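> With the sequence up front, the predicted model follows.
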Amino acid sequence: MEEDGFEGEGNVVLGPCLTSYVDNGSSESHRYYLARRTVLEMLRDRGYAVPNSEIELSLQDFRAIHGQNPDLERLRISTTFRSDPLKRILVIFCGPGVVKVNVIRSIASQIVNKDTLSGLILIVQNHITSQAMKAVDLFPFKAEIFQITDLLVNITKHVLKPKHRILTDQEKRRLLKKYNIEEKQLPRMLRKDAIARYYGLEKGQVVKVSYGGGEITESHVTYRCVW
């Protein structure tokens, strides 16, 4: 077997040995790496300050920093909004067990400067109990919950996904005035929609959706209002 590949019939080099593609690290560290990268991209796309070096960190470098069994405390992310440093968000990774009310209470007790926190994202690996959900609802700031499996791939990068852009309040007013319509007349996007959750959208926000044209179809634009 060649170092760079192997020869098939007629001495044709078919490509590198398949073993070169094998990931010898733990699946746990790989999963945390992918989920954390997606969260960082999500925060950047929402307007938070996220260094490119964090997003571009390789799996090898991630493992060099966090090891094969990452400490969830060290995976936490805290950053501020680019245009408003007083707006801060915190991302916490929960363990593999069921998220019970005591877990939420423990998280609440660990959060310092609650007054400066505008948002919290919890990454869970199991289901969350109804009592725990009630405890989450008591937070004085917006709290979002994502399953880690939903973050292994950034849905906005999928080739079949159209481009989404969030309209400002001023752009929304111009749009409604231009077409002489009311907000409720726009096509709807539910808040539980994957795109709405990715961008953390609230009811009443409007999204511009751009579809790229192909060999047969032409490109077109539509607008959807979050409900």
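Everything's here; your move.

> C-alpha from now on. contacts and neighbour counts both.
Noted.

> What residues sit buried inside the top helix by length along the chain?
Identified as the longest helix of the chain according to DSSP state H is helix 27-46. By neighbour count on 16 or more other CA atoms under 10 Å, the buried set for helix 27-46 is 29-30, 32-44, 46.

> Stretch 114-128 now?
117, 118, 119, 120, 121, 122, 123, 124, 125, 128.

> Let me know whether the first one touches residue 91 as I believe.
In other words, residue 117. No: here residue 117 does not reach residue 91: they are 11.1 Å apart, not a contact under CA atoms under 8 Å.

> from what I can see residue 209 touches residue 164, true?
Yes: using CA under 8 Å, residue 209 is in contact with residue 164, at 4.8 Å.

> wait, what's in contact with the nearest residue to residue 220 once chain neighbours are set aside?
Nearest non-adjacent residue to residue 220, counting by CA to CA, 6 or more residues apart in numbering: residue 211, 5.4 Å away. Residue 211 is in contact with 162, 163, 219, 220, 221, counting by CA atoms under 8 Å, 6 or more residues apart in numbering.

> try 6 Å this time
By CA atoms under 6 Å, 6 or more residues apart in numbering, the residues touching residue 211 are 162, 219, 220.

> where does residue 203 fall, helix, sheet strand or coil?
Secondary structure state of residue 203, per DSSP: H, G, I helix; E, B strand; the rest coil, is coil.

> Report pLDDT for it.
With respect to pLDDT, residue 203 scores 96.

> One more: the one 3 residues further on?
Predicted confidence (pLDDT) for residue 206: 98.

> Phi, psi for the residue nearest to residue 220 please.
When read as degrees, to the nearest 10, the backbone of residue 211 gives phi -100, psi 130.

> And for residue 81?
With angles defined as degrees, to the nearest 10, residue 81 sits at phi -70, psi 140.

> list the contacts for it?
When contacts are counted by CA under 6 Å, 6+ apart, residue 81 is found next to 47, 48, 49, 87.
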